[in-house]
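> Output the structure for:
(one chain, ligands or ions: 1)
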Amino acid sequence: MDKNLTMDKLVNLCKSRGFVFQGSEIYGGFANTWDFGPVGVELKNNIKKAWWKRFVQEDPQTFGVDAAILMNPRVWEASGHVQSFSDPQLDCKSCKYRFRADNLIEEKFKDVDVEVMTTEEMQNFIEEHKVKCPHCGNFNWTPVRQFKLMFETSRGTVEGEKDVVYLRPETCQGEYVNFLNVQRTMRAKVPFAIAQIGKSFRNEITPGNFLFRTVEFEQMELQKFCHPKDSMDFYNDYKKRAMDFVCDLGLEKENLRFHDHEKLAHYAKAACDIQYNFPIGWQELNGIHHRGDWDLSRHSEFSGKNMEYLDPFTNEKFLPNVIEYSIGADRLTLAIMSEAYEEEKLENGETRVVMHFKPFLAPFKVAVLPLQKNLSEKAKEVYAVLSKEFMCDYDEAGSIGKRYRRQDEIGTPFCVTIDFDTLEDDTVTVRDRDTMAQERLKIDTIVSYFEKKIKF
Ligand code: GAP
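Model (predicted):
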């Protein structure tokens, strides 16, 4: 990651280069919603594809699902969300700004462990230490209250007879409720896992920092169902697999660390995050949680369906434990963009901005650039061949230098330039984004040349 990178620089690059736009921008925006543009959607899709390949495609014991966002409201009673999915919130009565009480304490008192504090203890702490509003500097707080994080909507057409339903705040419940379906239809033997990628929604008290914390986001979640005696091994295995994955995507080891949770949910045996050193500092990137048999036991109880597993080899009947691995696709996209960004000083004194994405993650793999407009016919032929295999960009406007810079800024690993020699000998110039080195290749060799360089 470039030490000059700030969140503002990244937001500006994202906006000007088509990665991410403000949600509903022409209406003045809609706070903490973001729209992925033509470049960003490719990057995020590639990240999701890489996750699916690593954790579903390459693992015969993992099965994918795509569950409904709206679920029977009983699901959220069973999961405990209706009762306790909330954060401690307080408002400044002077400037009306809203804060999370735990964040407020944490930011001023680095040694205080807010994770173990109750709502009342936070309230007392803020009063005793006269913690002031970071926005207006006054000490004029409402009491600390628990703020519900689930978005509610309603189903039904007759006024007054609507049922409350929730937008799911996590995708994993769709995996738990399909445990029996997947086990039966795929003839799966425990240990096995269910994975999915999908949207989640949270009415966050303090969303912000661009894609880091939003009210609508995508999660990539995997639940490993296993025998309790094997559960700690799988927990450690997923810690390693999660770390390997983000390193393989290009995040530097020095910007990653494990953070073991001290305060655990009553049912959990262990939990940790992988933290990344974002432009805003060290923050959670993903979670790995040992959830015991909480999820299946609760869904058994609330649905009345027995979710025990009968081991066909030992005849033992047991409720599997769950090891959960969960990572936000948007948050990971933010980390990948932060890591890739570089302001590179060139020998001629100029600076170029380059996004050093691994080629398999790059939004466009190849840009096809005719040196002059009258070469566009041949260039379009080359584009037609390459675009059957890879996501490609085509650009014939402006000087070749400017076009290279634009591709550097969106992280295109290879540029193919068509010139007058191309018409004579069917060769093109291939320019490498990182080294800026150029080589001359025959058109009929470039597909296999790029395939080798792009593979994940
Ligand atoms: N099912 C477990 C679960 O949802 P979590 O720690 O609340 O656990 C998992 O969320 C991951 O989802 C986080 O590590 C983060 O990557 C992502 N995430 C959570 N809330 C988010 C938000 N408001 N905006 C963007 N990403 C979020």
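> check contacts around the residue of the chain found nearest the ligand.
The chain approaches the ligand most closely through Gly328 (2.8 Å), counting by Cβ to the nearest ligand atom. Using the backbone N, CA and C atoms, a C-beta is placed for each residue, glycine as well. Listed by Cβ atoms under 8 Å, 6 or more residues apart in numbering, the contact set of Gly328 reads Phe217, Glu218, Gln219, Met220, Leu285, Asn286.
> which element is the fifth one on?
In this assignment (DSSP states H and E), Leu285 forms part of strand 281-290.
> For the ligand, tell me whether that strand is touching it.
Yes - Strand 281-290 is in contact with the ligand by Cβ under 6 Å from any ligand atom, via Glu284, Leu285, Asn286, Gly287.
> How about the residues of the stretch 251-400 of the chain by the ligand?
Residues of the stretch 251-400 of the chain lying near the ligand (Cβ under 6 Å from any ligand atom): Glu284, Leu285, Asn286, Gly287, Glu324, Ser326, Ile327, Gly328, Asp330, Arg331.
> Please name the residues that touch the fifth one.
To tie it back to what came earlier, the one meant is Glu324. When contacts are counted by Cβ under 8 Å, 6+ apart, Glu324 touches Cys172, Glu221, Leu222, Gln223, Lys224, Gly287, Ile288, His289, Arg291.
> what's the nearest residue to the third one if we skip its chain neighbours?
To tie it back to what came earlier, the one meant is Leu222. Ala195 (4.1 Å; Cβ to Cβ, 6 or more residues apart in numbering).
> Kindly format the C-alpha coordinates of the helix or strand containing the one you found as PDB.
Ala195 belongs to strand 192-201 when elements are defined using DSSP H and E. C-alpha atoms of strand 192-201 as PDB (Å, rounded to 0.1, in the frame of the first residue of the first chain):
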ATOM      1  CA  PHE A 192     -19.300 -30.700   5.100                       C
ATOM      2  CA  ALA A 193     -19.900 -27.000   4.500                       C
ATOM      3  CA  ILE A 194     -22.500 -24.700   3.000                       C
ATOM      4  CA  ALA A 195     -21.500 -21.400   1.400                       C
ATOM      5  CA  GLN A 196     -23.200 -18.500  -0.200                       C
ATOM      6  CA  ILE A 197     -22.600 -15.000  -1.400                       C
ATOM      7  CA  GLY A 198     -25.400 -12.400  -1.000                       C
ATOM      8  CA  LYS A 199     -26.700  -9.100   0.200                       C
ATOM      9  CA  SER A 200     -27.100  -8.300   3.900                       C
ATOM     10  CA  PHE A 201     -28.600  -5.100   5.400                       C
END
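> quick one: buried residues of it?
Residues Phe192, Ala193, Ile194, Ala195, Gln196, Ile197, Gly198, Ser200, Phe201 are the ones in strand 192-201 that count as buried (16 or more other Cβ atoms under 10 Å).
> one step back: quickly check the contacts of Gly328 for the two that are furthest apart.
Glu218 and Leu285 (14.2 Å; Cβ to Cβ).
> Between those two, point out the one with more neighbours.
Leu285 (25 against 20; other Cβ atoms under 10 Å).
> Name the nearest residue to that one, ignoring sequence neighbours.
Tyr276 (4.2 Å).
> same question, Asp35
In this structure, Asp35 finds its nearest non-sequential neighbour in Phe21, 4.7 Å apart by Cβ to Cβ, 6+ apart.
> Phe357 too?
Excluding its sequence neighbours, the residue lying closest to Phe357 (Cβ to Cβ, 6+ apart) is Gly411, at 4.1 Å.
> same thing with Tyr449?
Leu441 (6.1 Å).
> looking at it, that neighbour is touching Val428, isn't it?
Yes - shown here, Leu441 and Val428 form a contact pair, counting by Cβ atoms under 8 Å, at 6.3 Å.
> Compare these two (neighbour count), which wins?
Neighbours were tallied for Leu441 and for Val428 using other Cβ under 10 Å; the higher tally belongs to Val428 (25 against 15).
> can you pull out the helices in the stretch 201-350 of the chain?
Secondary structure of the stretch 201-350 of the chain (DSSP state H, counting those that start in this stretch): helices at 231-248, 294-303, 329-340.
> Mean neighbour count added to the ones you listed, as TSV?
Formatted as TSV, these follow (neighbours: other Cβ atoms under 10 Å):
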stretch	mean neighbour count
helix 231-248	17
helix 294-303	18
helix 329-340	24
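> For Glu152, which of these is the nearest?
Minimum separation from Glu152 across those (Cβ to Cβ) falls at helix 294-303, 19.1 Å.
> domains for the chain, by residue range?
Using automatic domain parsing, the domains assigned to the chain come out as 7-72+151-338, 86-148, 364-454.
> comparing those domains, which gets the lowest mean pLDDT score?
For the domains of the chain, the weakest mean pLDDT is recorded on domain 86-148, namely a mean of 92.
> Is it in proximity to the ligand?
No - Domain 86-148 stays clear of the ligand (Cβ under 6 Å from any ligand atom), getting no nearer than 10.9 Å.
> sorry, back to before: how much space between the residue of the chain closest to the ligand and Ser448?
Noted for Gly328: a distance of 36 Å to Ser448, by Cβ to Cβ, to the nearest Å.
> just the CA coordinates of stretch 343-363, formatted as CSV?
Below are the C-alpha coordinates for stretch 343-363, written out as CSV (Å, rounded to 0.1, in the frame of the first residue of the first chain):
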residue,chain,number,x,y,z
GLU,A,343,1.8,6.8,-6.8
GLU,A,344,4.9,5.8,-8.7
LYS,A,345,7.7,8.4,-9.4
LEU,A,346,9.0,7.9,-12.9
GLU,A,347,12.5,8.5,-14.2
ASN,A,348,11.3,11.6,-16.1
GLY,A,349,10.1,13.1,-12.9
GLU,A,350,6.4,12.5,-13.6
THR,A,351,4.1,10.5,-11.2
ARG,A,352,1.8,7.9,-12.4
VAL,A,353,-1.0,6.3,-10.4
VAL,A,354,-1.1,2.6,-10.8
MET,A,355,-3.5,0.0,-9.4
HIS,A,356,-1.4,-3.1,-9.0
PHE,A,357,-4.2,-5.7,-9.0
LYS,A,358,-3.2,-9.3,-9.4
PRO,A,359,-4.1,-10.0,-13.1
PHE,A,360,-7.0,-12.4,-12.2
LEU,A,361,-8.6,-9.6,-10.1
ALA,A,362,-8.1,-6.8,-12.6
PRO,A,363,-11.4,-5.3,-13.9
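> in it, what's buried?
Val353, Val354, Met355, His356, Phe357, Lys358, Pro359, Phe360, Leu361, Ala362, Pro363.
> thinking again about what came up before, identify the residues contacting the residue nearest to Phe357.
Taking Cβ under 8 Å, 6+ apart, we find Gly411 in contact with Leu43, Ala340, Val354, Met355, His356, Phe357, Ala362, Pro363, Arg433.
> The last one: what's it in contact with?
What it means is Arg433. Counting by Cβ under 8 Å, 6+ apart, Arg433 makes contact with Val354, His356, Gln407, Asp408, Gly411, Thr412, Pro413, Phe414, Cys415.
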